[in-house]
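Colleague: Sequence and predicted structure below; questions after.
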Amino acid sequence: MGDWQFFALLLSNGILIGLMYSLIALGFVLVYKATDAINFAQGEFVMIAGFVVVGFLISYGAPLWLSLVAALLAMIAFGFGLERAMLRKLIGRPIIAVVMATIGLAAVLRGLGPLLWGADTKPLVLPIGDEPILLEPLFIPPIQLVGATVSLLFLGLFGWFFLKSRKGIAMRAVADSQQVAMAMGINVERYFALAWAMTGVVSALGGVIWGNMLGVDVHLSLVGLKVFPVVILGGLDSIPGAIVGGLIVGVVENVAAGYIDPFVGGGTKDFAPYVVMIIALMVRPYGIFGKQIIERV
Amino acid sequence: MIHRECGVLKTTYEADMALYPLPIARWAVGGFAVLFFLVLPFSVHEYYLSIVNLVSISIVGALGLNILVGYTGQISIGHGAFMSVGAYTAANFAVRLGLPWPVNLLLGGLMAALVGAVVGVPSLRIKGLYLAIATLAGQLIIEWTINHVTFISGGVQASIQVPRPELFGVPIASQRQMYFLLLAFVVVALVGTMNLVRSRIGRAFIAIRDHDIAAEIIGINIFRYKLLAFAISSFYAGVTGVLYTYYLGIANYEQFQIVTSIDYLAMIIIGGLGSVLGSIFGAIFVTLLPILIRYAMEGFGGLVFSQGAVLNIIPNLRLILFGGLIIFFLVVEPEGLNRLWRNIRNYFRLWPFAY
């Protein structure tokens, strides 16, 4: 295999994986956009969704479509409940409080998942096969193709939602200024709940796709660690940013792993995106598409 | 007037500036000194002393993190990594050059302070969430570096054995000897922190926490003080790492992963942000929690679950309780255990004459 073929392989892989990261990052962005809350438990949301799907598939022997619907409903309910029980009480508190509360939530979910569904790694089988599609010189695992397609679909869907639909415009108003939105007759709390429910939907999809890639166990939540470079690079409140950030992270980690890993013995995937992120933070702290915040005393 | 003041009745400047304005404070400090220096070490079993030692190590680390998060208002999710920097620096100096432990300790602390200050550089431009993620990046990058650079990690499973520390020619081997060593560090860290936060530097920290732009306008050099906060806090973390290394006899990066960073954040949140006493409460609470859960599950878990399941449940239960407590304290009592303690104390201030 030639040099450029190797590079093309890494690149194509990185793009597809990157789009799958975008899907998870989308969950983070949706919540931040609407409620200014920061979700450090995004990876755990994905893990719980994966657990629900395999729980239905394996333990109850339910068909796949039923498991998917169950996961979607469960995650929506979870998002609603979480907003009501925890995050509504933290509105107006310093940012550290919300960050720490979601870190605490992440710990709870990481403990709860294996406790309810068992600690062993469970396969999440989708009817798409795992024979890679060969397109000389590339070969593409079908799940990555499906994942990237679903990601693009939902990124487009949510983009349309925010730009055109009535509810989406209301949500942007809430994000812009909660007080003014309230004065305009928008039920702010309902839109907060809607944002968390939407995150639940995205996490459920992420759980299915990433669960199929990695298998469902507690380590699935580590996907959440990739969300931060993605959203920082793209901008915390931007949906196109999530796509671009995801692509950058996917490509960077694959190319870096392909070229550096043989020399240092692995692990480059986990830290290369963060190096890029640090550099980006120094140059453009609010991300590529993020909104620049001007502070006043 | 043995127990509480009922008005300001001071007649000399000496009385006004006294370290302990009330007799009861003096007695309490004396009582605690007797308890911790004489009663505790000679009355309990070595195993319990080893737990007390763990608490002591955590107290030093929690105090350091509280200087950064509680007093200066800069969040750090990288403290575990700063501890590992201290631990590996000390271990390398101990093994390669054979330096005595106090020198290693100092070098470990200083190295951690340097690394902490470098990780803290972005704090000038970014804050809040962005800073949290930048320090998280610091944690991951440092972890990876230590794990993959064999010059630092010593190669085999990234762990280095350190020789037992010696004091005046006596090797510190038993938990009881370790206890006295650690106690000295706890006292130094406590007094150091209490004096730091009431000094000019500490007041600058608090001003930055309360409003950094306003602090800059009244003439505080924010960049210098933010970096200083990171450096001091990381120095504490480095010392904690070195102490832990000598406690275990081995430097291992697995003890200083992201979970450790979160443990320490939990300590100061549960204990109380921006309070010295709170750091102590939090360190005690978070260190004892897993041990208490283990005892409880070994004692009563068999009633509900099968014997084999109990062992699997313990770590999960710990995570659940741990995260649940963080959320509980943030939602219900943001000022932590320290606030609860103050409430109790204020109640007894006037008791039994409440009106």
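Modeller: Received, thanks.
Colleague: Please pull out the lowest mean pLDDT helix or strand from chain B.
Modeller: Within chain B, no helix or strand scores below helix B:302-304, which has a mean of 69 by mean pLDDT, DSSP states H and E.
Colleague: Might you report the residue contacts of B:Q161?
Modeller: Applying C-beta atoms under 8 Å, 6 or more residues apart in numbering or on different chains to B:Q161 gives the contacts B:A91, B:V95, B:G249, B:I250. Heads up, the C-betas are built off the backbone N, CA and C, glycines and all.
Colleague: so of those, which ones are in helices?
Modeller: Within the contacts of B:Q161, membership in helices is found for B:A91, as judged by DSSP state H.
Colleague: The contacts of B:Q161: which two are farthest apart?
Modeller: B:V95 and B:G249 (12.1 Å; C-beta to C-beta).
Colleague: which of the two has more neighbours?
Modeller: Summary of the neighbour comparison: B:V95 and B:G249, criterion other C-beta atoms under 10 Å in any protein chain shown, with B:V95 having more neighbours (16 against 12).
Colleague: Grab the nearest non-local neighbour of that one.
Modeller: If you skip the residues right next to it in sequence, B:V95 has B:I160 as its closest partner in space, 5.8 Å away by C-beta to C-beta, 6 or more residues apart in numbering or on different chains.
Colleague: Sketch out the strands for the stretch 101-250 of chain B, chain order is fine.
Modeller: Along the stretch 101-250 of chain B, counting by DSSP state E, counting those that start in this stretch, strands occupy B:159-161, B:166-167, B:170-171, B:250-252.
Colleague: Ok, the stretch 1-150 of chain A next?
Modeller: Under the criterion DSSP E, counting those that start in this stretch, the stretch 1-150 of chain A carries strands at the ranges A:133-135, A:138-140.
Colleague: Worst mean pLDDT among these?
Modeller: Out of the strands of the stretch 1-150 of chain A, strand A:133-135 stands lowest, with a mean of 73 (criterion: mean pLDDT).
Colleague: which bits of the stretch 1-150 of chain B sit near chain A?
Modeller: Proximity of the stretch 1-150 of chain B to chain A (C-beta under 8 Å from any C-beta of the partner chain) is limited to residues B:69, B:73, B:75, B:122, B:125-126, B:128-130, B:132-134, B:136-137, B:140-141, B:144, B:147-148.
Colleague: list the contacts for B:L129?
Modeller: B:L129 is in contact with A:I38, A:I95, A:V99, A:L236, counting by C-beta under 8 Å, 6+ apart.
Colleague: 10 Å instead, please
Modeller: Contact analysis of B:L129 by C-beta atoms under 10 Å, 6 or more residues apart in numbering or on different chains lists A:32, A:36, A:38, A:40, A:95-96, A:98-99, A:228, A:231-232, A:236, B:75.
Colleague: So is stretch A:11-21 next to chain B?
Modeller: No. Contact between stretch A:11-21 and chain B, assessed by C-beta under 10 Å from any C-beta of the partner chain, is absent, since the two come no nearer than 15.1 Å.
Colleague: and the lowest-mean-pLDDT helix or strand in chain A, what does it pack onto?
Modeller: Of the helices and strands making up chain A, the lowest-confidence element is strand A:133-135, at a mean of 73, by mean pLDDT, DSSP H and E. Here strand A:133-135 is seen to pack against strand A:138-140, helix A:142-164 when contacts are counted using 3 or more C-beta pairs under 10 Å, 6 or more residues apart in numbering or on different chains; DSSP states H and E.
Colleague: Can you pull out the residues in contact with that strand?
Modeller: Counting by C-beta under 10 Å, 6+ apart, strand A:133-135 makes contact with A:S12, A:F139, A:I140, A:P141, A:P142, A:Q144, A:L145, all of which sit outside it.
Colleague: Which pair of the residues you listed spans the longest distance?
Modeller: With C-beta to C-beta as the measure, no two of the contacts of strand A:133-135 lie farther apart than A:S12 and A:P142, at 13.6 Å.
Colleague: And the two? Which one has more around it.
Modeller: More neighbours sit around A:S12 than around the other of A:S12 and A:P142, counting by other C-beta under 10 Å; the figures are 18 against 15.
Colleague: low-scoring stretches of the stretch 151-297 of chain A, by residue?
Modeller: By pLDDT under 70, the low-scoring segments of the stretch 151-297 of chain A are A:265-266, A:293-297.
Colleague: Which stretches in it count as helices?
Modeller: Taking DSSP state H, counting those that start in this stretch as the criterion, the stretch 151-297 of chain A carries its helices at A:166-176, A:178-183, A:188-214, A:227-234, A:239-264, A:268-283.
Colleague: want to throw those helices into JSON lines with distance to B:E254?
Modeller: Written out in JSON lines, the entries for these read as follows (distance: least, C-beta to C-beta, whole Å):
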{"stretch": "helix A:166-176", "distance to B:E254": "41"}
{"stretch": "helix A:178-183", "distance to B:E254": "44"}
{"stretch": "helix A:188-214", "distance to B:E254": "22"}
{"stretch": "helix A:227-234", "distance to B:E254": "23"}
{"stretch": "helix A:239-264", "distance to B:E254": "19"}
{"stretch": "helix A:268-283", "distance to B:E254": "15"}
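Colleague: Deepest in the core, which of those helices is it.
Modeller: Ranked by average neighbour count under the criterion mean count of other C-beta atoms under 10 Å in any protein chain shown, the helices of the stretch 151-297 of chain A are headed by helix A:227-234 at a mean of 29.
Colleague: Run through the neighbouring helices and strands of that one.
Modeller: Secondary elements touching helix A:227-234 (3+ C-beta pairs under 10 Å, 6+ apart): helix A:3-35, helix A:42-54, helix A:239-264, helix A:268-283, helix B:129-148.
Colleague: Among the ones you listed, which comes closest to B:V118?
Modeller: When the helices and strands packed on helix A:227-234 are compared for distance to B:V118 using C-beta to C-beta, the nearest one is helix B:129-148, at 8.3 Å.
Colleague: Next, the angle helix A:3-35 makes with the closest one.
Modeller: Between the axes of helix B:129-148 and helix A:3-35, defined by axes from the mean of the first three to the mean of the last three C-alpha atoms, to 10 degrees, the angle is 140 degrees.
Colleague: near chain B, which residues of the stretch 151-297 of chain A?
Modeller: Going by C-beta under 10 Å from any C-beta, the residues of the stretch 151-297 of chain A near chain B are A:218, A:225, A:227-229, A:231-232, A:236, A:263-268, A:270-278, A:281-283, A:285-287, A:295-297.
Colleague: Swap in 7 Å and give it another go.
Modeller: Remark: the part of the stretch 151-297 of chain A in contact with chain B comprises A:228, A:232, A:264-265, A:267, A:270-271, A:274-275, A:277-278, A:281-282, A:285, A:295, A:297, using C-beta under 7 Å from any C-beta of the partner chain.
Colleague: Which members of those define the maximum pairwise distance?
Modeller: Checking these against each other with C-beta to C-beta, the farthest-apart pair comes out as A:G265 and A:V297, at 50.3 Å.
Colleague: neighbour count winner among those two?
Modeller: Between A:G265 and A:V297, counting by other C-beta under 10 Å, A:G265 is the more crowded of the two (11 against 8).
Colleague: would B:A18 count as being in a strand?
Modeller: No. When DSSP: H, G, I helix; E, B strand; the rest coil is applied, B:A18 is found to be coil, with no strand at that position.
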